[in-house]
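> sequence first, predicted model second:
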Amino acid sequence: MRWYERGRSALRAALLHFALSLAIAFMAAILTFSLWFPYPYRELAGGGHLFWLVVGVDIICGPMLTAVVFNSLKPRRELMTDLCCIGLVQICALIYGLHALWQARPVYLAFEVDRFRVVTYADIKKEDLKPELNELHRLPWRGVKIIGTRMPANGEEMLESLDLSLRGFDPSFRPDWWKDYKDSIDQVRLRAKVITDLIKKRPDKTRMIRDEISRAGMSEANVMWLPVTSFLSLEWVVLLDRQTMQPITFIPVDGF
């Protein structure tokens, strides 16, 4: 009978802990998905998977440990010490997880030669950051800003750029290659493609493409597109306003 009473009280404590953990996870989800990984970057930069991994472990392990250690027959001080230790470990794990999400967050959508690339905080060549000299080097702490990248100044710089790219630092990852998006619009317009090209390339996605254009309140004649890449995916495109070359929406369609 004593084991039954202990099990019932431990279950109540674990359920209460689970409800509290769920509430904290909900607040973390608002922070993650509204500020750091807005759609579609949760798919392009892996924020969704990473968040659910971090939070899933946190909200399951904490209540399970509570169920194991909770015993109403323990002295109150000992019981509170056990629960506080579990809570402290859980909070530390959540902070570590949120820090990992902060490091993985996308900061820029950079136009690069013939595509847009998602640039995360972890991608950036940080030794080249000079925030006191360039506004773009002051990385946004929420949302994703659109920028451009410049072309090599000469043959020597082109060879150096190729070497850096082979080492994993593409032009969009190098702060000294960044420039305002408005200065790249002519190059974007030159590289952007008409919607009929995308439909011909991916006829099985025709309905999705046209539905997204209609949902945006645009006509096909006024929409262009370019591929979007990230370390996680090559199978997205961004739809652009033909007049302004500003992004309208993103579609999970392989543009290559």
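Everything's here; your move.

> so where do the strands sit in this protein?
Along the chain, the segments classed as strands by DSSP state E run 106-112, 115-120, 145-149, 178-180, 193-194, 223-229, 236-241, 247-251.

> next one: the helix-or-strand element of the chain with minimal mean pLDDT to chain centre, how far?
Lowest mean confidence among the helices and strands of the chain (mean pLDDT, DSSP states H and E): helix 155-166, at a mean of 79. Remark: helix 155-166 is offset 28 Å from the chain centroid, using CA atoms, centre = their mean, to the nearest Å.

> buried residues, it. List them.
161, 164 (16 or more other CB atoms under 10 Å). Placement of C-beta: from N, CA and C, glycine included.

> what distance do you get for the closest residue to residue 185 other than its chain neighbours to residue 181?
Once flanking residues are discounted, residue 185 sits nearest to residue 245: 4.8 Å by CB to CB, 6 or more residues apart in numbering. Separation of residue 245 from residue 181 (CB to CB, to the nearest Å) stands at 8 Å.

> what's the answer for residue 231, then?
21 Å.

> these two: which has the busier surroundings?
Between residue 231 and residue 181, counted using other CB atoms under 10 Å, the more crowded position is residue 181 (21 against 16).

> and residue 55, how close does it get to residue 194?
42 Å.

> okay, the two: which has more neighbours?
For residue 55 versus residue 194, neighbours defined as other CB under 10 Å are more numerous around residue 55 (23 against 14).

> can you pull the contacts of that one?
With contact taken as CB atoms under 8 Å, 6 or more residues apart in numbering, residue 55 is in contact with 25, 28-29, 94, 97.

> filter the residues you listed down to the buried ones and hand me the PyMOL line.
Selection of buried members from these for PyMOL, criterion 16+ other CB under 10 Å:
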select buried, resi 25+28+94+97
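
> and of the contacts of residue 55, the nearest to residue 249?
Ranked by distance to residue 249 (CB to CB), these are led by residue 29 at 22.8 Å.

> show me what contacts that closest one?
51, 55.

> how close does it get to residue 235?
Distance of residue 29 to residue 235, computed by CB to CB: 25 Å.

> residue 11 against residue 64, yeah?
No: Residue 11 is not in contact with residue 64 according to CB atoms under 8 Å; the separation is 11.2 Å.

> extract the C-alpha set from the least confident helix or strand of the chain and format it as CSV.
C-alpha atoms of helix 155-166 as CSV (Å, rounded to 0.1, in the frame of the first residue of the first chain):
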residue,chain,number,x,y,z
GLY,A,155,42.2,38.1,-60.6
GLU,A,156,44.2,37.7,-57.4
GLU,A,157,41.2,38.2,-55.3
MET,A,158,39.2,35.7,-57.4
LEU,A,159,41.8,33.0,-56.7
GLU,A,160,41.8,33.8,-53.0
SER,A,161,38.0,33.7,-53.1
LEU,A,162,38.1,30.3,-54.7
ASP,A,163,40.5,29.0,-52.1
LEU,A,164,38.3,30.3,-49.2
SER,A,165,35.2,28.7,-50.9
LEU,A,166,37.0,25.4,-51.0
